[in-house]
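1. A structural model of the following input is requested.
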Amino acid sequence: MSAPRFGAAAAALAIAGGLVSCATPQTPEAAYLRGFDQAEAAARPFAPVTDTLPSMTLDEAYGLQRRLIARRVSRGDRVAGWKGGLMSAASLKARNVTAPLVGAMFASGRTQSGDTISLCSYRKASFEMKLGFVFREAVRTPPADVAALSRSVSDVLPVVDLPDIGYRDPDRYGAVDMVAANVSAARYVRGDGRPGAGLDLDGLRVAMTRDGQPLTSGLGRESLGGQWESLLAVVRQLHASGRSIAPGDVVITGKIGDRGWLPPGAYAADYGPLGTVRFAVRACPTP
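-> Residues are numbered from 1 along each chain as shown. Now for the predicted structure:
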């Protein structure tokens, strides 16, 4: 009777061994996504994707970004719009690319003027003054020109983007790393929108203060090629990377003035005829 029992045990071990040997090892892409999610949840820096995948292309990075977005949506979040990155000739040249980058903005990151932002979820918090364009209808094909694009836009609004520069070395990362990290999208503060017709968006002067002290200022034309032209570039890049715009989406263009870091304080971004965006930033309590 012992022989059959030994044979069954041996067969079980053989099957188990076969299962182990046939198990699919985790891909570097999957390992990056898991590490990215874990670092974000713990508010700790992460290694850029090119540390482990140095030959990754921009197209492959956009594929990885789509997976990152899908994971976020599967956990109950929602894509609320899109943001452009590298929206100046100098920044494009510095990262050796010819078109702006794009990333998703999530509903969970939206705050309104007057809100308070906690730094608890940030690695290295920053601000960028931008303009947002609200789409009244879906855009499923690349617009032919600015005139065609503008017919799909209902409102223009001031948006202060509050990205999280979470790379292990915040001064060393490339365009591929930016795309794979969803262009550092985190929180953003929206002001009130108004129709863009008749507004000189390129001549719009915007200025930021903290606790009443000037930080930076600039003109709308600083976004690549002007506001409408840079919006067109972002929308075309969205389509090139396999995405489209849904009704109600907000697309934000390039920064106006310099990017700044985000210590605690009371912030005010004066957008002239578009109003003022105000928000407070509080430090994360020490454990």
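2. next SSE after the helix or strand of the chain with the lowest mean pLDDT?
-> For the chain, the helix or strand with the lowest mean confidence is helix 2-22, at a mean of 39 (criterion: mean pLDDT, DSSP states H and E). The first helix or strand that comes after helix 2-22 along the chain, using DSSP states H and E, is helix 28-42.
3. buried sites along the helix or strand following that next one?
-> Going down the chain from helix 28-42, the next helix or strand is helix 58-74, by DSSP H and E. Neighbour-count burial for helix 58-74 flags L58, E60, A61, Y62, G63, L64, Q65, L68, I69, R72 (criterion: 16 or more other Cβ atoms under 10 Å). For the C-beta atoms, the positions are set from N, CA and C on the backbone; glycine is no exception.
4. tell me what helix 58-74 is packed against?
-> Packed against helix 58-74 by the contact rule (3 or more Cβ pairs under 8 Å, 6 or more residues apart in numbering; DSSP states H and E) you find helix 28-42, strand 101-106, helix 175-180.
5. and the following helix or strand past it, average pLDDT?
-> If you walk from helix 58-74 toward the C-terminus, the next helix or strand you reach (DSSP H and E) is strand 79-85. Looking at strand 79-85 alone, the average pLDDT works out to 96.
6. Could you dump the buried residues of helix 58-74 into TSV and include distance to T50 and pLDDT?
-> Compiled in TSV, those are given as follows (distance: Cβ to Cβ, whole Å; pLDDT from 0 to 100):
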residue	distance to T50	pLDDT
L58	11	95
E60	11	96
A61	9	97
Y62	14	96
G63	15	95
L64	11	96
Q65	14	97
L68	16	95
I69	20	96
R72	22	94
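7. still on that earlier bit, could you export the helices and strands packed on helix 58-74 as a markdown table, including mean pLDDT and distance to D249?
-> Formatted as a markdown table, the helices and strands packed on helix 58-74 follow (pLDDT from 0 to 100; distance: least, Cβ to Cβ, whole Å):
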| stretch | mean pLDDT | distance to D249 |
| --- | --- | --- |
| helix 28-42 | 93 | 23 |
| strand 101-106 | 97 | 9 |
| helix 175-180 | 97 | 19 |
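8. closest to R243 out of these?
-> Nearest to R243 among the helices and strands packed on helix 58-74 is strand 101-106 (7.5 Å), distances taken as Cβ to Cβ.
9. and the helix or strand just after the closest one, which residues are buried?
-> As assigned by DSSP H and E, the chain's next helix or strand after strand 101-106 is strand 110-112. Buried positions in strand 110-112, judged by neighbour count with 16+ other Cβ under 10 Å: R110, T111.
10. In contact with G257, which residues?
-> With contacts defined as Cβ atoms under 8 Å, 6 or more residues apart in numbering, G257 is in contact with M129, V206, A207, M208, T216, S217, G218, E222.
11. try E40
-> Under the criterion of Cβ under 8 Å, 6+ apart, the contact partners of E40 comprise F46, G166.
12. and the gap between it and V251?
-> 23 Å (Cβ to Cβ, to the nearest Å).
13. L238 now?
-> Between L238 and V251 the distance is 8 Å, computed by Cβ to Cβ.
14. any residues in contact with both of the two?
-> Common contacts of L238 and V251 (Cβ under 8 Å, 6+ apart): W82, I245.
15. So these two - more neighbours on which side?
-> When L238 and V251 are compared on other Cβ atoms under 10 Å, the one with more neighbours turns out to be V251, at 25 against 21.
16. contact partners of the helix or strand containing the more buried one?
-> Counting by DSSP H and E, the secondary-structure element that holds V251 is strand 250-252. Outside of strand 250-252, the residues within contact range by Cβ under 8 Å, 6+ apart are 80-84, 105, 130-135, 157, 159, 161, 188, 190, 231, 234-235, 238, 245.
17. And R194, how close does it get to G275?
-> With Cβ to Cβ as the criterion, R194 and G275 are 8 Å apart.
18. Of the contacts of strand 250-252, which belong to strands?
-> 80-84, 105, 130-135, 157, 159, 161, 188, 190 (DSSP state E).
19. isn't F36 right next to D177, touching?
-> No. Judged on Cβ atoms under 8 Å, F36 makes no contact with D177 at a distance of 10.9 Å.
20. State the number of residues packed around T50.
-> T50 - counted by other Cβ under 10 Å - has 16 other residues nearby.
21. pLDDT at it, what is it?
-> For T50, the pLDDT comes out at 96.
22. can you give me the strands in the stretch 151-287 of the chain?
-> Listed in chain order, the strands of the stretch 151-287 of the chain (DSSP state E, counting those that start in this stretch) span 153-162, 187-190, 205-210, 213-219, 250-252, 256-261, 265-270, 276-282.
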